[in-house]
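**Student:** Need a 3D model of the sequence below.
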Amino acid sequence: MKKVLLLGDSIRMNYCDTVKDVLGDGYEVAWPNENCRFARYMLNSLRFWLNLLPEPDAILFNAGIWDIAYTANYEERAPFTSRDEYTRDLCLIAKKLLTTGAKVTFVTTSAVRAGHPDVFDEVIREYNDAAVKALTPLGVAICDLHAFMEGREDEYVCDDLVHLSEAGKSAAGAFIAGYIKDNT
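**Tutor:** Numbering: from 1, shown residues only. You can find the predicted model right below:
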């Protein structure tokens, strides 16, 4: 039986049940019951979450929706986490995850619908690009959820313009599960 640990923000929470269902009996899939929020919070909390599934074969992680949101910096109108801090924190997360011996994969931040006052797809693309450039040399694989969703935001993203719709949960979960089956 293969062991898979899923770490991430509310987007991960949207698709994790589907991933587990699609993978089926040949996989043990675990995740924190809480929202892993932003990259720095995830970095701090790894010490608790890595105990959820000892000796995993694969760890998939995502962080980004909180990091790119402008909600915490209204006066500056800048993302909650600077791009440099974001990539630094992701690299620290990846290095810790790699010590487990698991295949580590970063899941890019999902696409969003236009019109949200604080979350912008162009910023997501910029942060995703920076994350891929920083993580790839470390040996971290990339599962491009953003590219999978792009062009289907009206179908895959719910009315809050950020989180996955029911169709999005099913599609993203099946996409992530397919990636896991193909790469573990």
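**Student:** For L138, the count of nearby residues, please.
**Tutor:** When neighbours are defined as other C-beta atoms under 10 Å, L138 has 14 of them. Every C-beta, even on glycine, is put in place using the N, C-alpha and C of the backbone.
**Student:** before we move on, what about the one 3 residues further on?
**Tutor:** Here the number of neighbours of A141 (other C-beta under 10 Å) works out to 15.
**Student:** OK, contacts around it?
**Tutor:** 103-106, 183 (C-beta atoms under 8 Å, 6 or more residues apart in numbering).
**Student:** Just the ones in helices from these, please.
**Tutor:** Using DSSP state H, the subset of the contacts of A141 located in helices is N183.
**Student:** ok, and the most crowded of the contacts of A141?
**Tutor:** F106 (29 neighbours).
**Student:** roughly how far apart are that one and T71?
**Tutor:** 23 Å (C-beta to C-beta, to the nearest Å).
**Student:** Save the contacts of A141 as TSV, and put in distance to I142 too.
**Tutor:** TSV is the format used below for the contacts of A141 (distance: C-beta to C-beta, whole Å):
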residue	distance to I142
K103	12
V104	10
T105	7
F106	6
N183	11
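**Student:** and the contacts of A141, which two are the farthest apart?
**Tutor:** Pairwise distances across the contacts of A141 peak at 12.5 Å for F106 and N183 (criterion: C-beta to C-beta).
**Student:** before we move on, back to that, show me which of the contacts of A141 is closest to A94.
**Tutor:** Closest to A94, out of all of the contacts of A141 and judged by C-beta to C-beta, is V104, at 6.0 Å.
**Student:** doesn't A94 make contact with the closest one?
**Tutor:** Yes: assessed by C-beta atoms under 8 Å, V104 is found in contact with A94 at 6.0 Å.
**Student:** And the strands in this structure?
**Tutor:** 2-7, 27-30, 58-61, 103-107, 141-143 (DSSP state E).
**Student:** Make JSON lines from the contacts of A141 and add distance to L50 and pLDDT to it.
**Tutor:** Below are those laid out as JSON lines (distance: C-beta to C-beta, whole Å; pLDDT from 0 to 100):
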{"residue": "K103", "distance to L50": "15", "pLDDT": "98"}
{"residue": "V104", "distance to L50": "12", "pLDDT": "98"}
{"residue": "T105", "distance to L50": "15", "pLDDT": "98"}
{"residue": "F106", "distance to L50": "16", "pLDDT": "98"}
{"residue": "N183", "distance to L50": "20", "pLDDT": "96"}
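**Student:** So which of the contacts of A141 is the closest to R37?
**Tutor:** F106 (16.1 Å).
**Student:** Good, wrapping up.
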